[in-house]
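In: Would you be able to build a 3D model of this:
(3 chains)
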Amino acid sequence: MTRRLVLLVAVLYVVSLAVGPSVWPWRLGNEVGWAIFWELRVPRATLGLLVGGALGLSGAVLQAWLRNPLAEPGVIGVSACASFAAVCAFYSGLAAAFALALPLAGIAGAAIAVTLLMAAVRAGTSVVSLLLVGVAINALAGALIALVLALSPNPFAYQEISLWLAGSIADRDLRYLGLAAPFIVAGALVVQGARRGLDALSLGEDAARSLGVETNRLGLRLTLGVGLMVGAATSVAGVIGFVGLIAPHLVRGRVGFRPGATLVPSMLVGAVLVMGADILIRLLPTSVELQLGVLTSLVGAPFLVYAVRRARSAWLAT
Amino acid sequence: MTGLVTDRLACQRGPRRVLDEVSLAFAAGAVTAIVGPNGSGKTTLLRHLAGLETPAAGTVTLDGQPLATLGPAQRARRIAFLPQSVQAYWPLLGRDLVALGRLPHGADLARPLSAADAAAIARALDRVDGQALADRPIDALSQGERARLMLARALATEAAVLLADEPVASLDPAYALDTMAVLRAEAARGGSVVVSLHDLGLAARFADRVVVLAGGRVAADGPPGTALQPAIIEAAYGVGFRMLAVEGQPVPVAWARRT
Amino acid sequence: MRHLLPLLAVVLAALPARAEPPKRVVTVNLCLDQLALRLAAPGQLVGVSYLATDPRLSVMAEQARQLPTVRASAESILDLRPDLVIVGRDQLATVKHLLRRAGVPLLELPWASSLAEAEGLIRQIGAALGREDAARAVIEDMQARRAALPTPAQPAGTAAVLGAHSATAGRGSLMDELLRLAGWRNLAADLGIGAYGRLRLEAVLAGQPDLLVFDGAANDNPSRATEFIDHHALSALDGHARIVSVPLRHSICAGPDNLEVLRKLAEARNEARR
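Out: From the prediction side, this is the model:
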């Protein structure tokens, strides 16, 4: 399955490079054509790949670690916190002065949210209760983002809340790709080493610890990894929800539900979902280009409802 | 001193002294049953033996080495712990669940298993008579069948010490008896088995040694005939017992509240 | 001009019965605020909308700050006890309804998207304020400045107008007219985009324009809408396209300040032809 997914990712990447309002830009032959390719198409396709992979992988990690099939960075509020932190860095002008401030802020926001959720799970919250915590965090972050935007001196800022809460990878040039890519890759590598620990957590924290898993260290590692991935991705693309929810679900049954085995396939499926959605957006005949986060929510929200019903009827219910 | 030994072990939870001056030695090749009423500290004791908690006072040593100095991986290879009513959060296949027991030996579920790991898993399934359950998802199994696989998981580690916290608490008598038989077999192979039990009858029948805990202290420590005397268990449980003789074996039965 | 007669009838009907010009005028629209600030007699204007005080959006910000500002609420307007309220025809329907019920005379004016329509508005506001002479002076000045610019025979090239959120000025918009008068083709109009359509960066680049028109200072306080100014893809047009920076306050509203824009565009055209 992994091999086929890698092939699909490669195909979609090439398609993503080729789709756009102008014909294949190399035909333009000159500087402008190359600028379209390098500063518009390549960043867009690559961000689709990286952001999708980051969200898919983060979703798989969060679900395995929180033992909750409904967890994912968007639903439980991690992306919204990252978005809020990024908004603070961006509209205060800090990111303009010091470019790395943007992804670093996003990472800090995401890491804080993950830490809070980890504490909630330790306290023994149930599957659906964790969703409620996510609802609260999302609402609070959304309100805070609106507040920061309203305080911005730029007159256009206030209308941009939707760009942050239902994100987009359009019109991001190579600088943004360069800001996000290293952190996303680093986060993915950090998380890979946690695979066996996540498998052990299937039996709960006590059994996992008795199997030699240092759960505190594991928690820190996962917080760092998810924080890096979701924080960097959200800081340049905004909140793109539900990718991390859907990808592990599609993959889990085919790997015998082993949490560690869902990681790499979820990453690939996440990349497929985001790139596919972004290609679809560019092909839709709408006069205004639909935002990526809107499309993922259109598909993802009904999926969430379906997943909740399945989880409640399953034996591992609330 | 070989084996698992506690020396004046104490555990403090807020104002409560959950364990106090607990000094026990668990020999290899024997089944030790820990009994006592709820709140007497059985689970806490087992958690300390498994190295999951640090004592407020006293020590827990394995073959002379304090547990704290053993790395988590080493400890996991030498002590297997079956917590109370463990649930698996994902509907894993039976064999994958059992394979988790090989994690301390470096197994990785996402990779093909080594020959040693595969053999250990096969042995563990054999011992619990669970081969038929190996290829089924655990959410399709009955509670008793799941409990068998959980026990197999602990056996798969092939550790020197096996700790089981109330492994038969909510099981049908058939499964309860099967489980106790497996634990006895494990001890017969040279392992040190420590199991906490609610059922004094099972303790009397299957344990080589019984430790009675009451209020965090050791009330009795010896063979079942000595430790399960009416005077001791009546004081520990606050309930009157009658002793039934079954095939020459005395079995305590709770009879009436003491006035 | 053909809208003028029916509008004039509405205006006359809305004026109070006495022949005196109004003494306490409130305007609630950025563009109408600025025109009123130009035309009103000292002390005649007692309130403007808060947007008029923003120097990024309003050329009369200094003057506007001397006056109380109103928000889009009937209460804040009534608080100033106006005897005339000038407001856009297609905005604030509920506020206008409340004002009418309170018996306050309203002057409702349409959105102007050409120089001719701007002149119409100036005349109407001048008439309503009893400042016809001032209005005439402003219009004459506008026409003189326009006449001073050369009439181009042929367009010098294609221009792309870039605004916040990929907005552009398409066919029928104010900028469209200004580009045409200054001797430029409008890329958005060529692509069939309407007055307030969107023009994505890639389409801008692919159209290979000779002139880029946008507010160069718009991204001084960053926002996603104005990020395009620093986008690396646009830098590929360095050397191929000139840039004319048009401050937002000169292009948002139809009025005398558009002539400044026209002058810059004409200057760019002259340089291009050289």
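In: Next, the residue in chain A positioned nearest to chain B: secondary structure please.
Out: With C-beta to the nearest C-beta as the measure, the residue in chain A that lies nearest chain B is A:Gly212; the distance is 3.0 Å. C-beta here means a position set from N, CA and C on the backbone, and glycine is covered the same way. Classification of A:Gly212 by DSSP: H, G, I helix; E, B strand; the rest coil places it in coil.
In: With B:Leu113 as the reference, measure out to the closest residue to it other than its chain neighbours.
Out: Nearest non-adjacent residue to A:Gly212, counting by C-beta to C-beta, 6 or more residues apart in numbering or on different chains: B:Ala76, 3.0 Å away. When distance is defined by C-beta to C-beta, to the nearest Å, B:Ala76 is 17 Å away from B:Leu113.
In: what do you get for C:Ala266?
Out: The separation that C:Ala266 has from B:Leu113, given C-beta to C-beta, amounts to 80 Å.
In: ok, now A:Gly59?
Out: Distance from A:Gly59 to B:Leu113, counting by C-beta to C-beta: 27 Å.
In: List the residues that contact the closest residue to chain C within the stretch 201-318 of chain A.
Out: Of the stretch 201-318 of chain A, the residue with the smallest distance to chain C, taken as C-beta to the nearest C-beta, is A:Val288 at 6.3 Å. Contacts were defined as C-beta atoms under 8 Å, 6 or more residues apart in numbering or on different chains; by that measure A:Val288 touches C:Arg198.
In: still on that earlier bit, compare neighbour counts for C:Ala266 and B:Leu113 and give me the winner.
Out: More crowded of C:Ala266 and B:Leu113, by other C-beta atoms under 10 Å in any protein chain shown: C:Ala266, with 21 against 16.
In: In three-state terms, how would that one be classified?
Out: helix.
In: In this structure it contacts C:Gly183, no?
Out: Yes: here C:Ala266 reaches C:Gly183: they are 6.9 Å apart, a contact under C-beta atoms under 8 Å.
In: shared neighbours of the two, which are they?
Out: Counting by C-beta under 8 Å, 6+ apart, the contacts common to C:Ala266 and C:Gly183 are C:Pro152.
In: Pull out the buried positions in stretch A:180-189.
Out: Along stretch A:180-189, these residues count as buried under the neighbour rule (16 or more other C-beta atoms under 10 Å in any protein chain shown): A:180-181, A:183-188.
In: Up against chain B, what does the stretch 101-250 of chain A have?
Out: Applying C-beta under 8 Å from any C-beta of the partner chain, we find that the stretch 101-250 of chain A lies next to chain B at A:195-196, A:199-204, A:206-207, A:209-214.
In: Just flag the most distant two among those.
Out: A:Arg195 and A:Asp206 (20.1 Å; C-beta to C-beta).
In: Tell me, how many residues neighbour A:Arg310?
Out: Burial of A:Arg310 is recorded as 13 neighbouring residues (other C-beta under 10 Å).
In: Repeat that for C:Arg274.
Out: When neighbours are counted by other C-beta under 10 Å, C:Arg274 comes out with 5.
In: With chain A as the reference, measure out to it.
Out: Plainly put, C:Arg274 is 23 Å away from chain A if you go by C-beta to the nearest C-beta, to the nearest Å.
In: tell me the contacts of that residue?
Out: By C-beta under 8 Å, 6+ apart, the contact list for C:Arg274 is empty.
In: so which strand or helix has the most centrally placed residue in chain B?
Out: Nearest to the geometric centre of chain B sits B:Ala164, at 1.9 Å (C-alpha atoms, centre = their mean). Secondary structure here is read from DSSP states H and E; on that basis B:Ala164 sits in strand B:161-165.
In: contacting residues around that strand?
Out: Among residues not part of strand B:161-165, those counted as contacts by C-beta under 8 Å, 6+ apart are B:3-4, B:26, B:42-43, B:46, B:49-50, B:62, B:78-84, B:151, B:154-155, B:183, B:186, B:191-196.
In: quick one on the thing from earlier: is the residue of the stretch 201-318 of chain A closest to chain C in a helix, a strand, or coil?
Out: Of the three states, A:Val288 takes coil under three-state DSSP.
In: Would you mind measuring from the residue in the stretch 1-150 of chain A that chain C sits nearest to to A:Gly260?
Out: Each residue of the stretch 1-150 of chain A has a distance to chain C, by C-beta to the nearest C-beta, and the smallest belongs to A:Ala35, at 3.0 Å. When C-beta to C-beta is applied, the distance between A:Ala35 and A:Gly260 equals 43 Å.
In: Also A:Ala139?
Out: Looking at A:Ala139 against A:Gly260, where the rule is C-beta to C-beta, the gap reads 33 Å.
In: try B:Gln74
Out: Between B:Gln74 and A:Gly260 the distance, using C-beta to C-beta, works out to 22 Å.
In: neighbour-wise, which of these two wins?
Out: In this comparison of B:Gln74 against A:Gly260, neighbours counted by other C-beta under 10 Å, the higher total goes to A:Gly260 at 23 against 15.
In: got the residue ranges for the strands in chain C?
Out: With strands called from DSSP state E, chain C shows them at C:25-27, C:45-49, C:69-70, C:84-88, C:106-109, C:158-161, C:185-186, C:211-214, C:242-245.
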